[in-house]
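K.L.:
3D model of this:
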Amino acid sequence: MSTRASRSLNVMSASRSLGIVTVISLVKVAQMATFGKPRHRRLPPDFATGGTASEIHSARSLTTDRVFAFFGSEGLYCFDFKGSLVWSNQIGGIASLGMGPGASPVVGEKTVIVQCDQDEGTNSFIAGFDKRTGKQIWKAARKVSASWSTPIVVQAAGREQVIASGQETIVAYDTTTGEQVWTHDGLENNALPSPVASPQVAYLVSGYPKKRVLAIALSGRGDLTGTTNLLWKYDRSAGYVPHCSPQLLDSRL
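P.N.:
Numbering: from 1, shown residues only. Next up, the predicted model:
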(Lines give C-alpha, C1' and ligand atoms only; values in the text may rest on other atoms or scores of the structure.)
Protein backbone atom coordinates (compact mmCIF):
# COMPACT_ATOMS: atom_id res chain seq x y z
CA MET A 1 0.00 0.00 0.00
CA SER A 2 1.23 3.53 -0.85
CA THR A 3 -0.43 6.68 0.44
CA ARG A 4 0.71 9.35 -1.97
CA ALA A 5 0.05 12.35 0.32
CA SER A 6 2.67 11.27 2.84
CA ARG A 7 4.52 8.89 0.53
CA SER A 8 4.37 6.15 3.14
CA LEU A 9 4.80 2.53 2.10
CA ASN A 10 3.01 -0.16 4.09
CA VAL A 11 2.38 -3.89 4.07
CA MET A 12 -1.08 -4.81 5.36
CA SER A 13 -2.69 -8.05 6.47
CA ALA A 14 -6.45 -8.63 6.73
CA SER A 15 -8.54 -11.39 8.22
CA ARG A 16 -9.89 -13.51 5.38
CA SER A 17 -13.02 -14.47 7.34
CA LEU A 18 -13.79 -11.07 8.88
CA GLY A 19 -12.39 -8.73 6.23
CA ILE A 20 -10.73 -6.45 8.75
CA VAL A 21 -7.15 -5.26 8.78
CA THR A 22 -5.20 -7.03 11.50
CA VAL A 23 -1.59 -5.96 10.83
CA ILE A 24 -0.11 -2.82 9.29
CA SER A 25 3.67 -2.70 8.86
CA LEU A 26 5.15 0.69 8.01
CA VAL A 27 7.97 0.20 5.54
CA LYS A 28 9.11 3.80 5.30
CA VAL A 29 8.00 7.37 4.83
CA ALA A 30 9.74 8.99 1.89
CA GLN A 31 9.69 12.67 1.07
CA MET A 32 10.15 12.42 -2.67
CA ALA A 33 9.76 14.98 -5.41
CA THR A 34 6.82 14.55 -7.75
CA PHE A 35 7.53 14.74 -11.45
CA GLY A 36 4.69 15.43 -13.82
CA LYS A 37 3.45 13.95 -17.02
CA PRO A 38 3.90 12.81 -19.76
CA ARG A 39 3.68 9.22 -18.68
CA HIS A 40 6.70 8.03 -20.64
CA ARG A 41 9.00 10.83 -19.54
CA ARG A 42 12.42 9.56 -18.45
CA LEU A 43 12.50 10.17 -14.71
CA PRO A 44 15.41 9.96 -12.30
CA PRO A 45 15.62 6.31 -11.15
CA ASP A 46 14.84 7.05 -7.49
CA PHE A 47 11.60 8.75 -8.48
CA ALA A 48 10.64 6.38 -11.24
CA THR A 49 6.87 6.50 -10.64
CA GLY A 50 6.70 10.23 -11.22
CA GLY A 51 3.18 10.70 -9.81
CA THR A 52 1.62 8.70 -12.66
CA ALA A 53 2.05 5.22 -11.20
CA SER A 54 2.79 3.55 -7.88
CA GLU A 55 5.52 1.71 -6.04
CA ILE A 56 3.02 -1.04 -5.19
CA HIS A 57 2.36 -2.63 -8.59
CA SER A 58 4.45 -5.60 -7.53
CA ALA A 59 2.57 -8.29 -5.63
CA ARG A 60 3.85 -9.74 -2.36
CA SER A 61 5.35 -13.22 -2.20
CA LEU A 62 4.92 -15.62 0.71
CA THR A 63 6.52 -18.63 2.32
CA THR A 64 5.11 -20.50 5.30
CA ASP A 65 6.48 -17.87 7.72
CA ARG A 66 7.65 -14.85 5.70
CA VAL A 67 6.23 -12.09 3.49
CA PHE A 68 8.47 -10.50 0.84
CA ALA A 69 7.50 -7.04 -0.43
CA PHE A 70 9.24 -5.27 -3.31
CA PHE A 71 8.79 -1.52 -3.74
CA GLY A 72 11.12 -0.99 -6.70
CA SER A 73 13.58 1.82 -6.02
CA GLU A 74 12.45 1.85 -2.38
CA GLY A 75 13.81 -1.64 -1.75
CA LEU A 76 13.02 -5.27 -0.91
CA TYR A 77 11.56 -6.05 2.53
CA CYS A 78 10.92 -9.21 4.50
CA PHE A 79 8.36 -9.45 7.32
CA ASP A 80 7.14 -12.21 9.60
CA PHE A 81 3.42 -12.89 9.89
CA LYS A 82 3.18 -10.63 12.95
CA GLY A 83 4.25 -7.69 10.83
CA SER A 84 7.75 -7.34 12.26
CA LEU A 85 10.52 -6.40 9.85
CA VAL A 86 13.03 -9.25 9.51
CA TRP A 87 15.35 -7.59 6.99
CA SER A 88 15.50 -5.09 4.16
CA ASN A 89 17.77 -4.47 1.20
CA GLN A 90 18.03 -1.14 -0.63
CA ILE A 91 18.45 -2.29 -4.20
CA GLY A 92 18.92 1.19 -5.68
CA GLY A 93 17.21 3.27 -8.31
CA ILE A 94 15.20 1.47 -10.99
CA ALA A 95 14.28 3.44 -14.11
CA SER A 96 11.07 2.06 -15.60
CA LEU A 97 9.99 4.63 -18.19
CA GLY A 98 8.13 6.59 -15.52
CA MET A 99 5.59 3.83 -14.91
CA GLY A 100 6.98 2.22 -11.78
CA PRO A 101 8.03 -1.39 -11.18
CA GLY A 102 5.84 -4.29 -12.23
CA ALA A 103 7.76 -7.51 -11.58
CA SER A 104 6.97 -9.20 -8.27
CA PRO A 105 9.57 -11.04 -6.18
CA VAL A 106 9.62 -14.82 -6.57
CA VAL A 107 10.82 -17.33 -4.03
CA GLY A 108 13.11 -20.28 -4.65
CA GLU A 109 14.37 -22.91 -2.25
CA LYS A 110 17.11 -20.65 -0.83
CA THR A 111 16.64 -17.28 -2.49
CA VAL A 112 14.11 -14.55 -3.17
CA ILE A 113 14.63 -13.14 -6.66
CA VAL A 114 13.78 -9.80 -8.26
CA GLN A 115 13.91 -8.95 -11.96
CA CYS A 116 14.77 -5.29 -12.60
CA ASP A 117 14.72 -4.50 -16.33
CA GLN A 118 15.24 -0.79 -16.93
CA ASP A 119 14.69 1.71 -19.74
CA GLU A 120 16.88 0.78 -22.75
CA GLY A 121 18.57 -2.05 -20.84
CA THR A 122 21.90 -0.48 -19.91
CA ASN A 123 21.38 -1.08 -16.18
CA SER A 124 18.98 -4.04 -16.23
CA PHE A 125 19.66 -6.92 -13.85
CA ILE A 126 18.19 -9.84 -11.97
CA ALA A 127 19.35 -10.68 -8.44
CA GLY A 128 18.94 -13.38 -5.81
CA PHE A 129 18.87 -12.66 -2.06
CA ASP A 130 19.20 -15.03 0.87
CA LYS A 131 15.67 -15.63 2.18
CA ARG A 132 16.87 -15.68 5.79
CA THR A 133 19.14 -12.63 5.91
CA GLY A 134 18.43 -10.52 2.81
CA LYS A 135 22.07 -10.64 1.78
CA GLN A 136 22.57 -10.45 -1.98
CA ILE A 137 23.86 -13.84 -3.14
CA TRP A 138 24.11 -13.14 -6.84
CA LYS A 139 23.39 -10.49 -9.45
CA ALA A 140 23.36 -10.93 -13.22
CA ALA A 141 23.37 -8.12 -15.77
CA ARG A 142 20.65 -8.33 -18.43
CA LYS A 143 20.82 -6.70 -21.87
CA VAL A 144 17.05 -6.30 -21.83
CA SER A 145 14.98 -3.11 -22.09
CA ALA A 146 12.32 -2.19 -19.54
CA SER A 147 9.82 -4.94 -18.80
CA TRP A 148 7.17 -5.57 -16.17
CA SER A 149 7.04 -9.36 -16.33
CA THR A 150 7.32 -11.40 -13.13
CA PRO A 151 9.70 -14.37 -13.59
CA ILE A 152 8.75 -17.89 -12.55
CA VAL A 153 10.61 -20.57 -10.60
CA VAL A 154 10.56 -24.11 -11.99
CA GLN A 155 12.23 -27.44 -11.31
CA ALA A 156 13.65 -28.68 -14.61
CA ALA A 157 16.62 -30.66 -15.90
CA GLY A 158 17.69 -31.56 -12.39
CA ARG A 159 17.94 -28.01 -10.97
CA GLU A 160 15.80 -25.13 -9.79
CA GLN A 161 15.60 -22.40 -12.42
CA VAL A 162 14.06 -18.94 -12.62
CA ILE A 163 12.81 -18.04 -16.10
CA ALA A 164 12.87 -14.32 -16.98
CA SER A 165 11.00 -13.06 -20.03
CA GLY A 166 12.25 -10.14 -22.11
CA GLN A 167 11.94 -8.28 -25.38
CA GLU A 168 15.49 -8.98 -26.54
CA THR A 169 16.17 -12.30 -24.85
CA ILE A 170 14.63 -14.94 -22.58
CA VAL A 171 16.95 -16.38 -19.95
CA ALA A 172 16.72 -19.16 -17.37
CA TYR A 173 19.04 -18.75 -14.36
CA ASP A 174 20.05 -21.12 -11.60
CA THR A 175 18.23 -19.77 -8.53
CA THR A 176 21.15 -20.50 -6.19
CA THR A 177 24.08 -19.14 -8.21
CA GLY A 178 22.62 -16.91 -10.95
CA GLU A 179 24.35 -19.00 -13.62
CA GLN A 180 22.63 -18.92 -17.01
CA VAL A 181 21.10 -22.31 -17.73
CA TRP A 182 19.66 -21.51 -21.16
CA THR A 183 18.75 -18.56 -23.36
CA HIS A 184 16.47 -17.96 -26.32
CA ASP A 185 15.78 -14.98 -28.55
CA GLY A 186 13.23 -12.70 -26.91
CA LEU A 187 9.61 -11.94 -27.64
CA GLU A 188 10.53 -8.83 -29.70
CA ASN A 189 7.58 -7.12 -28.01
CA ASN A 190 6.70 -5.59 -24.66
CA ALA A 191 7.34 -8.22 -21.99
CA LEU A 192 4.49 -7.76 -19.53
CA PRO A 193 2.77 -11.15 -19.08
CA SER A 194 4.50 -13.63 -16.79
CA PRO A 195 5.60 -16.98 -18.19
CA VAL A 196 3.87 -20.17 -17.18
CA ALA A 197 5.34 -23.67 -17.26
CA SER A 198 4.67 -27.35 -16.89
CA PRO A 199 7.50 -29.58 -15.67
CA GLN A 200 8.59 -29.97 -19.29
CA VAL A 201 7.67 -26.77 -21.17
CA ALA A 202 7.73 -23.01 -20.57
CA TYR A 203 5.22 -20.75 -22.35
CA LEU A 204 6.03 -17.08 -22.92
CA VAL A 205 3.54 -14.54 -24.25
CA SER A 206 3.41 -10.96 -25.50
CA GLY A 207 0.45 -9.05 -26.91
CA TYR A 208 1.69 -5.66 -28.09
CA PRO A 209 2.68 -4.42 -30.57
CA LYS A 210 2.97 -7.90 -32.05
CA LYS A 211 1.19 -10.98 -30.77
CA ARG A 212 3.43 -13.92 -29.91
CA VAL A 213 3.45 -17.17 -27.96
CA LEU A 214 6.55 -19.34 -27.59
CA ALA A 215 6.67 -22.89 -26.22
CA ILE A 216 10.18 -23.86 -25.11
CA ALA A 217 11.20 -27.30 -23.85
CA LEU A 218 13.03 -27.12 -20.53
CA SER A 219 15.45 -29.95 -21.22
CA GLY A 220 18.18 -27.92 -22.90
CA ARG A 221 21.23 -25.86 -21.96
CA GLY A 222 22.95 -22.97 -23.69
CA ASP A 223 21.43 -20.98 -26.56
CA LEU A 224 18.22 -22.75 -27.62
CA THR A 225 17.43 -20.35 -30.47
CA GLY A 226 16.83 -22.27 -33.70
CA THR A 227 16.93 -25.66 -31.96
CA THR A 228 14.28 -28.30 -31.50
CA ASN A 229 13.71 -27.01 -27.97
CA LEU A 230 11.44 -24.39 -29.54
CA LEU A 231 8.45 -26.70 -29.78
CA TRP A 232 6.16 -24.19 -31.46
CA LYS A 233 5.63 -20.49 -32.08
CA TYR A 234 2.31 -18.72 -32.59
CA ASP A 235 2.11 -15.18 -33.99
CA ARG A 236 -1.62 -14.55 -34.16
CA SER A 237 -4.45 -13.75 -31.77
CA ALA A 238 -2.51 -13.52 -28.52
CA GLY A 239 -4.51 -11.02 -26.44
CA TYR A 240 -4.12 -7.39 -27.48
CA VAL A 241 -4.11 -6.23 -23.86
CA PRO A 242 -0.49 -7.01 -23.01
CA HIS A 243 -0.88 -7.07 -19.23
CA CYS A 244 -2.70 -10.41 -18.92
CA SER A 245 -0.62 -13.45 -18.07
CA PRO A 246 -1.63 -16.83 -19.51
CA GLN A 247 -3.00 -19.71 -17.49
CA LEU A 248 -2.01 -23.34 -17.88
CA LEU A 249 -4.56 -26.00 -16.99
CA ASP A 250 -3.58 -29.60 -17.67
CA SER A 251 -2.91 -29.67 -21.44
CA ARG A 252 -4.64 -26.36 -22.20
CA LEU A 253 -2.95 -22.95 -22.43
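
K.L.:
which residue is nearest the middle of this structure?
P.N.:
Centroid-nearest residue in the chain: Ala103, 2.6 Å away (criterion: Cα atoms, centre = their mean).

K.L.:
My read is that it contacts Ser147, right?
P.N.:
Yes - shown here, Ala103 and Ser147 form a contact pair, counting by Cβ atoms under 8 Å, at 7.3 Å. For every residue, glycine as well, the C-beta is placed using N, CA and C.

K.L.:
Please enumerate the shared neighbours of these two.
P.N.:
115, 117 (Cβ atoms under 8 Å, 6 or more residues apart in numbering).

K.L.:
What score does Ser104 have for pLDDT?
P.N.:
Ser104 carries a pLDDT value of 89.

K.L.:
what's the distance between the residue nearest to the centre of the chain and Ala217?
P.N.:
Applying Cβ to Cβ, to the nearest Å, the value for Ala103 to Ala217 is 24 Å.

K.L.:
The residue nearest to the centre of the chain: what's it in contact with?
P.N.:
58, 70, 114-117, 147-151.

K.L.:
Secondary structure of it: a helix, I assume?
P.N.:
No - Ala103: not assigned to a helix; according to DSSP: H, G, I helix; E, B strand; the rest coil it is coil.

K.L.:
quick one: it from Gly226, how far?
P.N.:
From Ala103 to Gly226 the distance is 28 Å (Cβ to Cβ).

K.L.:
ditto for Thr64
P.N.:
From Thr64 across to Gly226, the span is 42 Å (Cβ to Cβ).

K.L.:
Between these two, tell me which one has more neighbours.
P.N.:
Comparing Thr64 with Gly226 by neighbour count (other Cβ atoms under 10 Å), the higher total belongs to Gly226, at 9 against 5.
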